[in-house]
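K.L.:
Need coordinates for the below:
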Amino acid sequence: MDHLLAAVDLGSNSFRLSIGRVVHQNGVAQIYQIDRLKETVRLAAGLRQDKQLDGPAIERAIAVLERFGERLRSFQPDRVRAVATNTFRVARNTSDFLPDAEAALGFPIDVIAGREEARLIYLGVMHSLPPSDDRRLVIDIGGGSTEVIIGRGFEPHLLTSLYMGCVSYSRQFFDDGLVDAHRMKQAEMAARREIEVISKQYRKMGWKAAYGSSGTAKALYAILGECAFSSGGITRAGMNKLKERIIRTGRVIAEELPGIKPDRSDVLPGGLAIMIALFDELNIDVMQTGDGALRLGVLYDLLGRHDQHDKRDESVRQFMKRYHVDVRQARRVRETALAFFDAVLPGDKEEHFDLRRALGWAADLHEVGLTITHNGYHRHTAYVLENADMPGFSRADQQLIALLTLAHQGKLGKVEGLVRDRAQWLAILSLRLAVLLFRRRQDMAQLPLSVSVKGASIVVKVQTRWLAGHPLSDFTLRAEDSEWRKVGFAFDLLEN
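P.N.:
Residues are numbered from 1 along each chain as shown. Coordinates of the predicted model:
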């Protein structure tokens, strides 16, 4: 199984599972998809006005995830990545049903931000196209959001996620399935209002060729071709002919539209309105389709993590540069925090692998907030890391790093309700001690203290001579005692 990777794409319309076989040839890794599963869930259709996902939608999702989970049962955790998109992002009760969803699938589910979704979509599409040095426009109309990307090669330059999709627009403007000229015009104008915010910037950058990804684009490409509305891909003229046909019949009749799949009929009007608006606002002449999509992008991103090209490491480096982080200080804190972490959690390294990586990133970035203000900088750091666009990171990743940086100094009570388990407390302990030790921002030939933890008892052994020469560190270490006792740990400082 070492040569197989799996990606699970939990979209607002459909859930997809892709399994790819990794083949290395001449030093280049390629992924060949060997198995695919797709089930229409219509998750966005279950989103009520109060942004709560209703029971039937959750039940449909859980049932599909159980079936996917059976297929993935033999996979190791580091070989699978599941990503959830717009409906998971906007639903207010996601945290309530997410544990059940993860239990059904058997793997963690990353709820990714819109720009991260756009990055992965672009990566997937580019891996399915011939190489080119030209700028390319990629558009993915999903069930609840639409991603618009311009990039060159495998690097995206502009990334946007718009809050409109084929399911949400079909539900909003064509809820009873009826389509007329007035409703279609309303849907198009609503979409144009969303797009006009970005249109000037995208038109200014420009592109050589445009590609559509996923269901709506592929459906339009097939329908326009088989109905002879267009002979060279998706065009404005072809879509107008399709629109006139649907308005004339009053609804989407699958039997009269060769090329359409039965599960696409209900959401075609919303998707068509959005695509017409995109063509009008961005001045698109013609669009081809790309076979790659979010799930292929997830597979290649996962492959990069195994090949030591983790996008998250690159994002951390970029953040360190953007926020003028003291690289030498970050290195001191990182190395020491990880050494302490290994000492207090000496067991199964695989069990705490993700937490250890998060601790390293938190150490790298713990001083990001200093570019805003020194006073309470750890709070600014945590806010930035939780809310900024960090390519490669899921929301859960960012929340964990933000938690560690928020807790690295000051009162521990502020994070007591956020820490999930003992291991996270020990990661916080490791970071706090590392930051404390290097307050003077100087290298040390040898660490003057060691730490061990048994149960809820923390023991810090420190050299008496060093402590005598560092009164501020002495004071700060002794203050840790009261903080850790407040959150249920005993903290003993022993001199030797």
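K.L.:
And the strands in this structure?
P.N.:
Counting by DSSP state E, the chain has strands at residues 4-10, 14-25, 28-40, 80-84, 109-111, 135-141, 146-152, 155-162, 209-213, 234-235, 286-290, 449-454, 457-462, 490-495.
K.L.:
Find out how far stretch 19-38 is from the centre of the chain, if you would.
P.N.:
Stretch 19-38 sits 22 Å away from the centroid of its parent chain (CA atoms, centre = their mean, to the nearest Å).
K.L.:
where does the stretch 51-200 of the chain have low pLDDT?
P.N.:
Scanning the stretch 51-200 of the chain for pLDDT under 70 picks out nothing.
K.L.:
show me where it has helices.
P.N.:
Under the criterion DSSP state H, counting those that start in this stretch, helices of the stretch 51-200 of the chain are mapped to 55-71, 86-90, 94-105, 114-126, 166-173, 181-205.
K.L.:
tell me, what residue is most central in the chain?
P.N.:
By CA atoms, centre = their mean, the mean C-alpha position of the chain lies nearest to Ile112, the distance being 2.6 Å.
K.L.:
Could you pull up the residues touching it?
P.N.:
83-85, 89, 120, 394-395 (CB atoms under 8 Å, 6 or more residues apart in numbering). To be clear about C-beta, it is placed using only N, CA and C from the backbone, and glycine gets the same treatment.
K.L.:
switch the cut-off to 7 Å
P.N.:
Shown in contact with Ile112 (CB atoms under 7 Å, 6 or more residues apart in numbering): 83, 85, 394-395.
K.L.:
Of these, which is the most crowded?
P.N.:
For the contacts of Ile112, the largest number of neighbours (other CB atoms under 10 Å) sits with Thr85, at 31 neighbours.
K.L.:
give me the low-pLDDT residue ranges for the stretch 251-400 of the chain?
P.N.:
Low-confidence segments of the stretch 251-400 of the chain (pLDDT under 70): 306-308, 347-350.
K.L.:
Tell me how far the closest residue to Glu416 other than its chain neighbours lies from Met287.
P.N.:
Leaving out its chain neighbours, the residue that sits closest to Glu416 by CB to CB, 6 or more residues apart in numbering is Val487, at 5.4 Å. Per CB to CB, to the nearest Å, Val487 is found 56 Å from Met287.
K.L.:
now Ala423
P.N.:
Applying CB to CB, the value for Ala423 to Met287 is 48 Å.
K.L.:
out of these two, which sits in the more crowded spot?
P.N.:
Per other CB under 10 Å, whichever of Ala423 and Met287 has more neighbours is Met287, with 25 against 16.
K.L.:
quick one: contacts for that one?
P.N.:
210-212, 217, 233-234.
K.L.:
Export only the CA atoms of stretch 458-471, formatted as PDB.
P.N.:
Output of stretch 458-471 as PDB, limited to C-alpha atoms (Å, rounded to 0.1, in the frame of the first residue of the first chain):
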ATOM      1  CA  ILE A 458       5.800  18.400  35.800                       C
ATOM      2  CA  VAL A 459       9.400  18.400  37.100                       C
ATOM      3  CA  VAL A 460      11.900  21.000  35.900                       C
ATOM      4  CA  LYS A 461      15.400  20.500  37.000                       C
ATOM      5  CA  VAL A 462      17.600  23.600  36.600                       C
ATOM      6  CA  GLN A 463      21.300  24.300  37.500                       C
ATOM      7  CA  THR A 464      21.600  26.300  40.700                       C
ATOM      8  CA  ARG A 465      24.500  28.300  39.400                       C
ATOM      9  CA  TRP A 466      22.700  29.300  36.200                       C
ATOM     10  CA  LEU A 467      19.600  30.200  38.100                       C
ATOM     11  CA  ALA A 468      21.600  32.500  40.500                       C
ATOM     12  CA  GLY A 469      23.000  34.300  37.500                       C
ATOM     13  CA  HIS A 470      19.600  34.800  35.800                       C
ATOM     14  CA  PRO A 471      17.200  36.300  38.300                       C
END
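K.L.:
how distant is that stretch from the center of its chain?
P.N.:
Worked out by CA atoms, centre = their mean, stretch 458-471 lies 43 Å from the chain centre.
K.L.:
And the contacts of it?
P.N.:
Stretch 458-471 is contacted from outside by 429, 448-452, 474, 477, 484, 489-496, using CB under 7 Å, 6+ apart.
K.L.:
Only the buried subset of those, as a PyMOL command please.
P.N.:
Of the contacts of stretch 458-471, the buried ones go into a single PyMOL selection, burial set by 16 or more other CB atoms under 10 Å:
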select buried, resi 429+448+449+450+451+474+477+484+489+491+493
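K.L.:
For stretch 159-173, buried residues please.
P.N.:
The neighbour-count check on stretch 159-173 (16+ other CB under 10 Å) flags 159-162, 164-171, 173 as buried.
K.L.:
Closest to His24 out of those?
P.N.:
Nearest to His24 among those is Leu159, at 29.5 Å by CB to CB.
K.L.:
Quick check, that closest one in contact with Arg119.
P.N.:
Yes. Here Leu159 reaches Arg119: they are 6.0 Å apart, a contact under CB atoms under 7 Å.
K.L.:
In TSV, list the contacts of Ile112 along with distance to Ile260.
P.N.:
Supplementary listing: the contacts of Ile112 in TSV, determined by distance: CB to CB, whole Å:
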residue	distance to Ile260
Val83	27
Thr85	23
Ser394	34
Arg395	35
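K.L.:
related to what we said a few turns ago, out of the helices of the stretch 51-200 of the chain, which is closest to Leu385?
P.N.:
Relative to Leu385, the nearest member of the helices of the stretch 51-200 of the chain by CB to CB is helix 114-126, separated by 14.2 Å.
K.L.:
and the closest one, how far from the chain's centre?
P.N.:
With CA atoms, centre = their mean, you get 10 Å for helix 114-126.
K.L.:
Check stretch 235-245 too.
P.N.:
How far stretch 235-245 lies from its chain's middle: 35 Å, per CA atoms, centre = their mean.
K.L.:
Let's test this: mean pLDDT of that stretch, rounded?
P.N.:
Here stretch 235-245 scores 95 as its mean pLDDT.
K.L.:
And it, what's buried?
P.N.:
For stretch 235-245, the neighbour count (16+ other CB under 10 Å) marks 235-236, 238-239, 241-243, 245 as buried.
K.L.:
CA atoms only: put that stretch into CSV for me.
P.N.:
Below are the C-alpha coordinates for stretch 235-245, written out as CSV (Å, rounded to 0.1, in the frame of the first residue of the first chain):
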residue,chain,number,x,y,z
THR,A,235,-18.7,29.6,-25.7
ARG,A,236,-21.0,32.5,-24.8
ALA,A,237,-23.0,31.9,-28.0
GLY,A,238,-23.4,28.2,-27.1
MET,A,239,-24.6,28.9,-23.6
ASN,A,240,-27.1,31.5,-24.8
LYS,A,241,-28.6,28.8,-27.2
LEU,A,242,-28.8,26.4,-24.2
LYS,A,243,-30.4,29.1,-22.0
GLU,A,244,-33.0,29.8,-24.7
ARG,A,245,-33.8,26.1,-25.0
